[in-house]
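Colleague: predicted model, plus sequence, below.
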Amino acid sequence: MKTLSNLRPVEGSNKKMKRVGRGVGSGHGKTACRGYKGQKSRTGKTKRPWFEGGQMPLQRRLPKRGFKNIFKKEYSVINVSDLEKFENGTVVTVPVLKESRLIRKVGDGVKLLGGGSLTKKLKVVVHKASEEAVSKVKAAGGEVELLAGKSGE
């Protein structure tokens, strides 16, 4: 039975450290397992992981194409027709949309677009909305409230 007084490491989990440079008789002496001369035998000098021995490096061999706009915003999009699923008088917020699986991830926010039609009176709280979507929600007797930033999570 194992108790705190007789605990031992699992067999093979602890290895003895290789002691290099401790004389020729040790088997790891003289050159300390580094071989003779060259960059890898010296102290302090190491090759970078991407170094390819003077060959043209991969990042310089590949063609450079395209452009990634780091300022582009990625909105989760829902249409006005998607809101028909909710009961009359519901406050539709970002967590409610996630729970009902109309959106998967918020990204930079949720945008309401004017696709389809709406017959129910709803209060919709999203980050952005098109003019057409706002007019359709208001025509059905509801209202649209816009959030600032990603605070609606």
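Modeller: Received, thanks.
Colleague: low-confidence ranges, the protein, go.
Modeller: 149-153 (pLDDT under 70).
Colleague: domain-wise, how is it divided?
Modeller: According to automatic domain parsing, the chain comprises the domains 17-63, 76-146.
Colleague: residue farthest from the centroid of this protein?
Modeller: Each residue of the chain has a distance to the centre, and by Cα atoms, centre = their mean the biggest one is for Gly25: 53.0 Å.
Colleague: for that residue, give me phi and psi.
Modeller: Dihedral angles of Gly25 (phi, psi; degrees, to the nearest 10) stand at phi -70, psi -20.
Colleague: same thing with Val110?
Modeller: Residue torsions, per degrees, to the nearest 10, at Val110 are phi -120, psi 130.
Colleague: what about it, how many neighbours?
Modeller: For Val110, the neighbour count with other Cβ atoms under 10 Å is 28. Every C-beta, even on glycine, is put in place using the N, C-alpha and C of the backbone.
Colleague: again with Gly141
Modeller: Gly141 has 13 nearby residues by other Cβ under 10 Å.
Colleague: for it, what are its contacts?
Modeller: Neighbouring residues of Gly141 by Cβ atoms under 8 Å, 6 or more residues apart in numbering: Lys121.
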